[in-house]
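Q: Give me the fold of what follows.
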Amino acid sequence: MENETKTKTGGRTLRGTVVSTKMQDTITVLVERYVKHPKYKKFMRRRKKYLVHDAGNTAQMGDKVEITETRPISKRKRFTLVK
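A: The predicted model follows:
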């Protein structure tokens, strides 16, 4: 049991673009994904914005970032910046 570290594996990892850095220690990341329409078989672009914890305000607008799911940090923040 010496030097045992617990790392939780799992949780979603997403890639997206930073669209807002106006909050303190928080960025907004736009994640795009392509899904096929069940009836018409056409690929559609689906977008969703996530609030991401960015300790130290390291990310800038337009950066491509990688985020991972974590414990709830606030009401809407459930992701943290991996880079």
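Q: For the most centrally placed residue in the chain, pull up the helix or strand it's in.
A: With distances taken as CA atoms, centre = their mean, residue 67 lies nearest the centre of the chain, 3.7 Å away. Assigned by DSSP states H and E, residue 67 falls within strand 64-69.
Q: do residue 27 as well
A: Element membership of residue 27, judged by DSSP H and E, is strand 26-36.
Q: Bridged to residue 64, which residues?
A: When assigned by DSSP bridges, residue 64 has beta-bridge partners residue 17.
Q: Same check on residue 47?
A: Residue 47 has these beta-bridge partners by DSSP bridges: residue 32.
Q: got it, and the one 4 residues further on?
A: Using DSSP bridges, the bridge partners assigned to residue 51 are residue 28, residue 77.
Q: Count the neighbours of it for me.
A: Per other CB atoms under 10 Å, the neighbour tally for residue 51 reads 19. Bear in mind the C-beta positions are built from the backbone N, C-alpha and C, glycine included.
Q: do residue 71 as well
A: By the criterion of other CB under 10 Å, residue 71 has 9 neighbours.
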